[in-house]
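> Generate coordinates for the sequence data below:
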Amino acid sequence: RPRAVVLVLLALMSLTAAAARASETRALDTWRYDDAKAAREAWSPSDVSAEAQIAEDGSLLLRADFSAGSERAYWDAAVPWDLTPYGRFSLGACVEGAGAVGHLTIYFRSGGGWYGASFAAHEGSRNVTLRKTDFTVEGSPAGWAKIDGVRLSIWGGAPRTVEASFTDLRAYSDDIVVIRGARTRRANPGNWSSVRRFSSGMTDLLAGTGVDYGAVEDADVEAGALRGAKVAILPYNPDTSATEAAAIERFVDGGGKIVACYALPEGLLPTLGIASLEWR
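So this is what the prediction gives:
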């Protein structure tokens with residue numbers, strides 16, 4: 001096992017040397033306002049939430065009172081974003097009274113559904129990194145290309161009042177992209193745990209080397225998520241669709257590099273100059 005890990009790392013290093021730490025950054029919103037009125041106009045609170053305020057530095061300040069037993073407080077803002085090319089996001093969060101917070105969630109609304117990712121509440125300021133594979137789906141979203149709203153949620157953990165400020169929401173289109181084979185979740189549920197395990201193992205290897213990377217799923221690749229990337233990594237993707245394989249083929253034809261482990265879509269074999277023989 002150690003020797004195999006070393007070989008994987010050497011292969012990744014050779015393929016990603018030119019791409020390491022490279023990414024295109026898009027500032028989605030600074031979440032800084034000239035006055036509290038501007039913040040209130042941008043963010044609509046839920047029924048149990050106080051109106052949005054601003055912190056001393058002008059960043060968005062949200063206050064939640066859980067003393068009445070409410071489960072969460074949230075605020076919504078309208079946006080017009082196409083997030084297809086991005087596999088990684090970051091935002092600044094500062095929490096006061098973190099002991100009374102269960103966790104925090106950022107949602108992206110798309111049509112009739114949501115993409116949501118949660119993260120732990122820590123006292124004080126921190127920069128939070130989330131990848132597309134951290135987001136779960138609620139309802140029937142219309143895709144990452146049609147994001148029309150963003151929601152910030154504070155989940156209660158104790159009957160107290162807490163404050164959280166947010167700033168600098170950014171999206172990153174990285175040169176290195178890990179593709180999680182999410183299609184297996186429906187096509188072959190018994191194999192889904194293996195797909196998740198090998199995907200997590202690959203991202204752990206990358207994180208350990210300090211390489212910046214994005215993480216997407218099959219549907220994202222079909223929608224064009226590899227646009228602008230240099231290296232696509234398939235940790236274990238046994239159920240790739242024909243549409244996704246065609247997108248990967250276009251990526252390779254455009255100069256993209258592939259790291260594929262264990263399985264490879266049949267349609268890509270001729271493109272990569274590989275012959276599939278018999279299993280031994």
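> What segments of the stretch 1-150 of the chain are helices?
Taking DSSP state H, counting those that start in this stretch as the criterion, the stretch 1-150 of the chain contains helices spanning 2-16, 36-42.
> Just the CA trace of whichever helix in the chain runs longest, in PDB.
In the chain, assigned by DSSP state H, the helix with the most residues is helix 192-209. Listed in PDB are the C-alpha atoms of helix 192-209, where the atom choice follows Å, rounded to 0.1, in the frame of the first residue of the first chain:
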ATOM      1  CA  TRP A 192     -21.500   4.000  -4.300                       C
ATOM      2  CA  SER A 193     -19.600   3.600  -1.000                       C
ATOM      3  CA  SER A 194     -16.500   2.600  -3.000                       C
ATOM      4  CA  VAL A 195     -16.800   5.500  -5.300                       C
ATOM      5  CA  ARG A 196     -17.000   7.900  -2.300                       C
ATOM      6  CA  ARG A 197     -14.100   6.200  -0.600                       C
ATOM      7  CA  PHE A 198     -11.700   6.400  -3.500                       C
ATOM      8  CA  SER A 199     -12.800   9.900  -4.400                       C
ATOM      9  CA  SER A 200     -12.100  11.000  -0.800                       C
ATOM     10  CA  GLY A 201      -8.800   9.200  -0.800                       C
ATOM     11  CA  MET A 202      -7.700  11.100  -4.000                       C
ATOM     12  CA  THR A 203      -8.700  14.500  -2.600                       C
ATOM     13  CA  ASP A 204      -6.900  13.700   0.600                       C
ATOM     14  CA  LEU A 205      -3.700  13.000  -1.400                       C
ATOM     15  CA  LEU A 206      -4.100  16.300  -3.200                       C
ATOM     16  CA  ALA A 207      -4.800  18.300  -0.100                       C
ATOM     17  CA  GLY A 208      -1.700  16.700   1.500                       C
ATOM     18  CA  THR A 209       0.500  18.000  -1.200                       C
END
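> so what secondary structure elements neighbour that helix?
helix 2-16, strand 176-180, helix 184-187 (3 or more Cβ pairs under 8 Å, 6 or more residues apart in numbering; DSSP states H and E). C-beta coordinates here come from the backbone N, C-alpha and C atoms, glycine included.
> ok, back up a step: worst mean pLDDT among the helices of the stretch 1-150 of the chain?
Looking over these, mean pLDDT reaches its minimum on helix 2-16, with a mean of 52.
> How about stretch 114-121, which residues are buried there?
For stretch 114-121, the neighbour count (16 or more other Cβ atoms under 10 Å) marks 114-119, 121 as buried.
> So which of those residues is the closest to Ile274?
Proximity of the buried residues of stretch 114-121 to Ile274 (Cβ to Cβ) peaks at Tyr115, which lies at 34.6 Å.
> list the contacts for the closest one?
Shown in contact with Tyr115 (Cβ atoms under 8 Å, 6 or more residues apart in numbering): 107-108, 132, 135-138, 141, 144.
> could you redo the last one with a cut-off of 7 Å?
107-108, 135, 137, 141 (Cβ atoms under 7 Å, 6 or more residues apart in numbering).
> Then Ser125?
Counting by Cβ under 7 Å, 6+ apart, Ser125 makes contact with 92, 94.
> change it to 8 Å
Applying Cβ under 8 Å, 6+ apart to Ser125 gives the contacts 92-94.
> Against Val95, how distant is it?
For Ser125, the distance to Val95 (Cβ to Cβ, to the nearest Å) stands at 9 Å.
> do the same with Pro159
From Pro159 to Val95 the distance is 17 Å (Cβ to Cβ).
> who has more neighbours, those two?
Using other Cβ atoms under 10 Å as the criterion, Pro159 and Val95 rank with Val95 on top: 22 against 12.
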